[in-house]
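Engineer: The following comprises the amino acid sequence and a computationally predicted model.
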Amino acid sequence: MNKDFFRVTLLTLLVVLSIGAIAWLSTGCNCKGIRIKPLKWFEWFYEKPDSSFTVKLDDKAAKAEKITNVSAPLGQIIAKLSNLKQEGGKLRIAYFGDSIIEGDLITQQLRYNLQSRYGGSGVGFVPITSIVAGFRRTIRHSFARNWETMSFMTPYKADYPLGINGFVYIPRNFYTAQKAIQTVVDSLADSTAAFNANEGKTEVQKYYVDTNPWVKYQYANVTGGSKQFDHYRLFYSHALPGSSIKISVDKQPFRTYNLFTGEDVKVLDLSAGIPVKEITLEFPVNNPVHTYGVSFDQSSGVYVDNFSIRGYSGMYFERIPKRILEQFQRELQYDLIVLQYGENVSNPETKSYDYYRYGMIKTVRYLQTAFPDVPILLISAHDRSIKTAGGYKTSPDIPLLIKAQYEIADSTGCAFWNLYEAMGGKDSMQKFVRNVPPLASQDYTHFNQAGANKIADMLTDFLLGKK
């Protein structure tokens, strides 16, 4: 071994230790505007947590728990539900959220609670494709791979306006998939370096097919689902002249249905006139009709549509053209809009949610122009825990986020439900995770089925004016 290497290493170590010792003994100074801090070796090991921060968090958490619910804007919903029981009729809820509600979580139990009281059979609006189709229990949903999907989470394309669920689906003669990047190595080059450079990297690969895209829906006789399909309608737009689709019910031969042309939202009633348990829709591979989804409902009762988008903040609803929202409203006639967002902007380092308050006020007012006279309910962020030296604790930004959400509701005249407080406030997510059986997953953010059902039961009471 080279002796020079040891000499250089030893000298470097001595210099570092000497500087460290001087810095540790120093009380710090401010020299010509340059502040020199004392160095505390292994401070992280022996220093106690900043108690002032804990006090501040406790104070904010306590204030968040005291933010009151606002139910006055829901008066007409409570009245209509009462009339449904007496006189019949129909009530529909558009429930928007992020991954907290995907797979029909929360909405499944809410739908069951309301339909068991006021009637109705059907899961409402279901998309053409879904990344959680295999997880959702209330309908069995499968589809071909050759659909192009665009949403709030993909780059904006003016020629492909999103539907009310924040998605649009286009039948294509191709599908895309992530493929590992394969490196071609020059035999004269450093092969190890070449492989390491692309290790774990992927690229989007396009694969062409010559089969027609299809989507299949099958009944699921579970809580919040339905044992049959009575009335089902396809929502679409931008069909070319001469466009048609094929549909099969209960594995019977396909029948052809012509589509209406035009850029407005069109509705095609596919109902067979008798209850069915399975429907399959097939679309021409080279006809880029814009499809949105299928609605499963009846002429009376209560319906809750689950509109979940993973990773979405709730801002920028303007990407759905106002005319599209108005056309969906003309057909579906929503009586209540629910917005449950916030967790995707939550960050323990955030000290102000002014930007989020501003963005969400724009969203709410935009929805109010498209759905005049339809009340909107804002549901606050729930408790979310982060790992600290003392274990899992409420993320310090959650109280700030809830305060901002309350101010959004107050500024726009919306109803407000403090889910954080309903769960139990500060550190309540710990209790949900540790409950027997558990009510939330080990990420200390997402509810499991049991936890989602518990939230839905509390929300039902709030909607009915019980709490």
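Structural biologist: Happy to help now that I have it.

Engineer: which stretches of the stretch 151-300 of the chain form strands?
Structural biologist: Here the stretch 151-300 of the chain has its strands, by DSSP state E, counting those that start in this stretch, at 167-171, 174-180, 202-208, 214-218, 231-237, 244-249, 255-258, 266-269, 278-282, 290-297.

Engineer: Check which helices and strands the strand or helix carrying A94 sits against.
Structural biologist: Following DSSP states H and E, one finds A94 within strand 90-97. For strand 90-97, the packing partners by 3 or more Cβ pairs under 8 Å, 6 or more residues apart in numbering; DSSP states H and E come out as helix 75-87, helix 107-118, strand 301-308, strand 336-340. Where you see a C-beta, it was placed from the backbone N, CA and C, and this is true even at glycine.

Engineer: That strand: how far from the chain's middle?
Structural biologist: 15 Å (Cα atoms, centre = their mean, to the nearest Å).

Engineer: re the thing from before, so which of the helices and strands packed on strand 90-97 is nearest L162?
Structural biologist: Of all those, it is strand 301-308 that lies closest to L162, at 11.0 Å by Cβ to Cβ.

Engineer: elements contacting that closest one?
Structural biologist: Applying 3+ Cβ pairs under 8 Å, 6+ apart, one finds that strand 301-308 contacts helix 75-87, strand 90-97, helix 107-118, strand 124-127.

Engineer: any idea which of these is most buried?
Structural biologist: Ranked by mean neighbour count, the helices and strands packed on strand 301-308 are led by strand 124-127 with a mean of 25 (mean count of other Cβ atoms under 10 Å).

Engineer: Report the strands that pair with that strand, each with its relative direction.
Structural biologist: strand 290-297 (antiparallel) (DSSP bridges).

Engineer: Not counting its own residues, what contacts the strand it pairs with?
Structural biologist: With Cβ atoms under 8 Å, 6 or more residues apart in numbering as the test, strand 290-297 has contacts from 92, 120, 122-128, 139, 160-161, 163-165, 167-171, 215, 217, 226, 229, 231-238, 265, 270, 279, 281, 283, 303, 305, 332.

Engineer: That strand: which residues count as buried?
Structural biologist: H290, T291, Y292, G293, V294, S295, F296, D297 (16 or more other Cβ atoms under 10 Å).

Engineer: Restrict it to CA atoms and write it as CSV.
Structural biologist: The C-alpha coordinates for strand 290-297 follow below in CSV (Å, rounded to 0.1, in the frame of the first residue of the first chain):
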residue,chain,number,x,y,z
HIS,A,290,-64.5,10.3,-26.8
THR,A,291,-66.0,8.1,-24.2
TYR,A,292,-66.6,8.9,-20.5
GLY,A,293,-68.4,6.1,-18.8
VAL,A,294,-71.6,4.2,-18.1
SER,A,295,-74.2,5.2,-15.5
PHE,A,296,-76.0,2.4,-13.7
ASP,A,297,-79.2,3.7,-11.9
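
Engineer: show me where this structure has helices.
Structural biologist: Here the chain has its helices, by DSSP state H, at 3-25, 43-46, 51-66, 75-87, 107-118, 191-197, 322-332, 354-370, 398-412, 419-423, 428-434, 449-463.

Engineer: any idea of the mean pLDDT in the shortest one?
Structural biologist: Averaging the model's pLDDT scores along helix 43-46 yields 41.

Engineer: How about the third one?
Structural biologist: For helix 51-66, the mean pLDDT works out to 60.

Engineer: Let's have the strands of the stretch 151-300 of the chain in JSON lines, adding distance to Y355 and mean pLDDT.
Structural biologist: Conversion of the strands of the stretch 151-300 of the chain to JSON lines gives the following (distance: least, Cβ to Cβ, whole Å; pLDDT from 0 to 100):
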{"stretch": "strand 167-171", "distance to Y355": "26", "mean pLDDT": "96"}
{"stretch": "strand 174-180", "distance to Y355": "32", "mean pLDDT": "76"}
{"stretch": "strand 202-208", "distance to Y355": "31", "mean pLDDT": "82"}
{"stretch": "strand 214-218", "distance to Y355": "38", "mean pLDDT": "98"}
{"stretch": "strand 231-237", "distance to Y355": "33", "mean pLDDT": "97"}
{"stretch": "strand 244-249", "distance to Y355": "43", "mean pLDDT": "97"}
{"stretch": "strand 255-258", "distance to Y355": "47", "mean pLDDT": "96"}
{"stretch": "strand 266-269", "distance to Y355": "38", "mean pLDDT": "97"}
{"stretch": "strand 278-282", "distance to Y355": "42", "mean pLDDT": "98"}
{"stretch": "strand 290-297", "distance to Y355": "30", "mean pLDDT": "98"}
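
Engineer: want to throw those into JSON lines with distance to R145?
Structural biologist: Converted to JSON lines, those look like this (distance: least, Cβ to Cβ, whole Å):
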{"stretch": "strand 167-171", "distance to R145": "11"}
{"stretch": "strand 174-180", "distance to R145": "4"}
{"stretch": "strand 202-208", "distance to R145": "8"}
{"stretch": "strand 214-218", "distance to R145": "10"}
{"stretch": "strand 231-237", "distance to R145": "20"}
{"stretch": "strand 244-249", "distance to R145": "18"}
{"stretch": "strand 255-258", "distance to R145": "23"}
{"stretch": "strand 266-269", "distance to R145": "24"}
{"stretch": "strand 278-282", "distance to R145": "14"}
{"stretch": "strand 290-297", "distance to R145": "15"}
